[in-house]
Each structure stands twice: as C-alpha cells, then as structure tokens.
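*Asks:* Got a predicted structure here, sequence first:
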Amino acid sequence: MGSVGVVGAGAVGQTVAATLVASGICPRLLVVSRTVEQARALAADLDDMRQTTGSPVQPEARRVADLIGCHAVVVAVRAAFTNTRAADVRMGGALTNAPVIRALATTLRGYQGTVLVVTNPVDLMTRLFAETSGCPRVYGIGSNLDSARYRLTLAHLLDVPATTVHGHVIGEHGDGAVVCASSTTVNGTPAAVPLAEVRAELRTRPGQISAGVGRTRSGPAGAVLSTLRKALGLVDGTEELTAEHRGDWLGIPLRFTAGQPVACLPALNADEDAQLAATATKLRDAYQALRPSGPTPNSQETT
Ligand SMILES: NC(=O)c1ccc[n+]([C@@H]2O[C@H](COP(=O)([O-])OP(=O)(O)OC[C@H]3O[C@@H](n4cnc5c(N)ncnc54)[C@H](O)[C@@H]3O)[C@@H](O)[C@H]2O)c1
C-alpha cells in the first residue's frame, strides 16, 4: 500500500486526514490545500497525532501535481461561497465548486490511481472530475453515507441492531436519493420500512449536525475510510458510490473484490424505479447546465 493524498484542509479534509493517520492505512499521507500555509499547518497537526499515537502514517504538505504518485486521492475542497438554499442544498455549490474541480482534474490528467470525490454536489463533481481528468477510477462519496444513516435510522425505528439491517440508498446524495425499501431486510427477512420517518431523518440529519457542530465531517470521513479499504483491495465488500452506470453518473452499490468494482443494483419496485429514472434525468440536466463560468482557477496556485 502506497501513499494517499487529501486535497482540502477544511472540516472534511482535516477529519479524513486524521482518520487516515489514526487508521494506519498508508505509510505516507500527502496533504494539499488552497494555500501552502494551510497544508503545512495541517501536516504539522497530523504529525503531532502520529507522534502521540505511534501511527506509522507520515504526513507531508505537498502540491496537487505531487499526488500523481499516490495510490488514492481524496478530493474534499470547497470554494468560498454562502449557501442560501433551503431545498436541494448540496446543489448550491455546483457553479462555485465546478471550476475548482475542473482545475484539479486538469492537473491530475493521466492519474491512474483511485480518486474519491467528496465535494458537493458530489454526483455532479464526481462526473466532472472523471470526464475532465480521464482518470479511470473516480468514485463519489455520499450514497454510502446515506445508506449507513438509513440502516442506523431503521435499526432505531425497528429496535434492532444496525448490523442486522441490509438496505441501500441510491441515486443522488441529495433530494433525489432513492430509499430501496422494497429490497431492505432485517435478519434476512423483508422489512416493513416506515418510509416517511426514514426520509424525514435522512433529510434533516445533516442539517442538524451542521447546526450543532458547524459542518458534517466524521460521517463522511468514515465513508471515505471504508471506501478506501475496499477500493484499494484491503477488504472485499460493497459501497454505494457515485459511478457511471449505463451512461449516467449516480450513486449505486458497487461490490469490490480485490479492489475491482462490479455494479450490483438491488431489485427495485415500480415506484423506486421511477424515482431513480427521475433522479438520473435531474442529474443529467444539472450536469449539462454546468458550464465554465468566469476564469478557471490556476491549479498551480493550489498547494
Ligand atoms: N459527499 C459527502 O458525503 C459530503 C459530506 C460532507 C461534506 N461534503 C462536502 O465536502 C466539501 C468540503 O466540505 P468542508 O466542510 O470541509 O468545507 P471547508 O470550507 O471547511 O473546507 C474546504 C477546504 O477546501 C480548500 N480549498 C478551496 N479551494 C481549494 C483549491 N483550489 N485547492 C485546494 N484546496 C482548496 C479550502 O482552503 C478549505 O481548506 C464541501 O463541498 C461539502 O459540501 C460532502
């Protein structure tokens, strides 16, 4: 296992980086942010963590171009903007984050490792990164976090251990998320899913976390670590990730075996099928509407 890069030293990037140091998953962790000072500060803080915990992971402040040699790169950047949306909140970052993602993807053209995009709206940013860079292994984090929240919520509502719940949330990491209730099981038996309560919890949970502690960060960091383990072939298993599926980019379950993914969509009932088709159309239209606006940031300034 080689090095891992993290781009973006904000709430999510810091938590991802600290999680990776604590996990001991890689020998070197290259951190990059908008300024050299941010990257150096994060690397120093992580170095303190390495020293206090005896972690084998060596953090280093680097530039985007240095990430070409990494086994995996996690993209957790966010352009500065004020999100005033009440609905479809994650779509609020589309136009401001797109030029940043485009610039990163341009610098990393030809990269052959695994890229995990966290930046929202993640389904659009994942496709944008993949199509701009031409990188062969680009996945978006989001539907796996939604699925984890779904299983946790259902476990609470049905008063069963979360480990007994199997079910997916697919489609968009956003308002177009599709809860695959018809294929959900508890202890292998089809579950009676209280859909309205589940949907309400999935809709309000991220906002409640952000309202309480500023940003969601630990959940996404866990989703990144879990995906890295599978995508890098350390363990086999399934993650719901944004990936290309029949010409569209949306969250689908991918079964990783020795690091190689195979799509494994659950059986959908007519309602779920219609919801997924509507979400695919929404994401396709939103992606088409993403056009370069204003000057593209110079990725060389990104250190
Ligand atoms: N997919 C998910 O499940 C999920 C969950 C939580 C957050 N997010 C998203 O992750 C992104 C990051 O969130 P956050 O809370 O860490 O944001 P943040 O504002 O705390 O941090 C963003 C970081 O990106 C850096 N940055 C900005 N432009 C850059 C550039 N050109 N190059 C390198 N770094 C740059 C900033 O300096 C900052 O350190 C957001 O888009 C957020 O919506 C996604």
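*Replies:* Happy to help now that I have it.

*Asks:* what lines up beside the helix or strand in which Pro261 is found in the sheet?
*Replies:* If you go by DSSP states H and E, Pro261 is part of strand 260-263. Using DSSP bridges, the strands paired with strand 260-263 are strand 248-257 (antiparallel).

*Asks:* Can you confirm whether the partner strand lies near the ligand?
*Replies:* No: contact of strand 248-257 with the ligand is not found when judged by Cβ under 6 Å from any ligand atom; the minimum separation is 9.9 Å. (Each C-beta comes from the backbone N, C-alpha and C, glycine too.)

*Asks:* What of stretch 168-186?
*Replies:* Yes: Stretch 168-186 comes into contact with the ligand (Cβ under 6 Å from any ligand atom), by way of His173.

*Asks:* Using PDB, list the CA coordinates for that stretch.
*Replies:* Output in PDB follows, covering the C-alpha atoms of stretch 168-186 (Å, rounded to 0.1, in the frame of the first residue of the first chain):
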ATOM      1  CA  HIS A 168     -29.300   0.700   0.200                       C
ATOM      2  CA  VAL A 169     -29.900   4.400  -0.600                       C
ATOM      3  CA  ILE A 170     -29.000   5.100  -4.200                       C
ATOM      4  CA  GLY A 171     -29.400   7.800  -6.800                       C
ATOM      5  CA  GLU A 172     -28.400  11.300  -5.700                       C
ATOM      6  CA  HIS A 173     -26.600  12.300  -2.500                       C
ATOM      7  CA  GLY A 174     -29.300  14.900  -2.100                       C
ATOM      8  CA  ASP A 175     -33.000  15.400  -2.500                       C
ATOM      9  CA  GLY A 176     -33.200  12.800  -5.300                       C
ATOM     10  CA  ALA A 177     -31.900  10.000  -3.000                       C
ATOM     11  CA  VAL A 178     -33.900   6.700  -3.600                       C
ATOM     12  CA  VAL A 179     -34.500   4.600  -0.500                       C
ATOM     13  CA  CYS A 180     -34.600   1.000  -1.700                       C
ATOM     14  CA  ALA A 181     -37.200  -0.100   0.900                       C
ATOM     15  CA  SER A 182     -38.600  -3.000  -1.200                       C
ATOM     16  CA  SER A 183     -35.300  -4.900  -1.000                       C
ATOM     17  CA  THR A 184     -34.400  -4.000   2.600                       C
ATOM     18  CA  THR A 185     -34.200  -6.900   5.000                       C
ATOM     19  CA  VAL A 186     -33.700  -7.300   8.800                       C
END
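
*Asks:* buried sites along the helix or strand where Thr281 lies?
*Replies:* Following DSSP H and E, one finds Thr281 within helix 270-288. Going by neighbour count (16 or more other Cβ atoms under 10 Å), the buried part of helix 270-288 is Glu272, Gln275, Leu276, Thr279, Ala280, Lys282, Leu283, Arg284, Ala286, Tyr287.

*Asks:* Need those in TSV (columns: pLDDT and distance to the ligand).
*Replies:* Putting those into TSV (pLDDT from 0 to 100; distance: Cβ to the nearest ligand atom, whole Å) gives the following:
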residue	pLDDT	distance to the ligand
Glu272	98	21
Gln275	98	20
Leu276	98	19
Thr279	98	16
Ala280	98	18
Lys282	98	17
Leu283	98	14
Arg284	97	19
Ala286	97	15
Tyr287	97	16
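
*Asks:* As JSON lines, these with distance to Val36 would be great.
*Replies:* Below are the buried residues of helix 270-288 laid out as JSON lines (distance: Cβ to Cβ, whole Å):
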{"residue": "Glu272", "distance to Val36": "47"}
{"residue": "Gln275", "distance to Val36": "45"}
{"residue": "Leu276", "distance to Val36": "43"}
{"residue": "Thr279", "distance to Val36": "40"}
{"residue": "Ala280", "distance to Val36": "41"}
{"residue": "Lys282", "distance to Val36": "39"}
{"residue": "Leu283", "distance to Val36": "35"}
{"residue": "Arg284", "distance to Val36": "38"}
{"residue": "Ala286", "distance to Val36": "34"}
{"residue": "Tyr287", "distance to Val36": "33"}
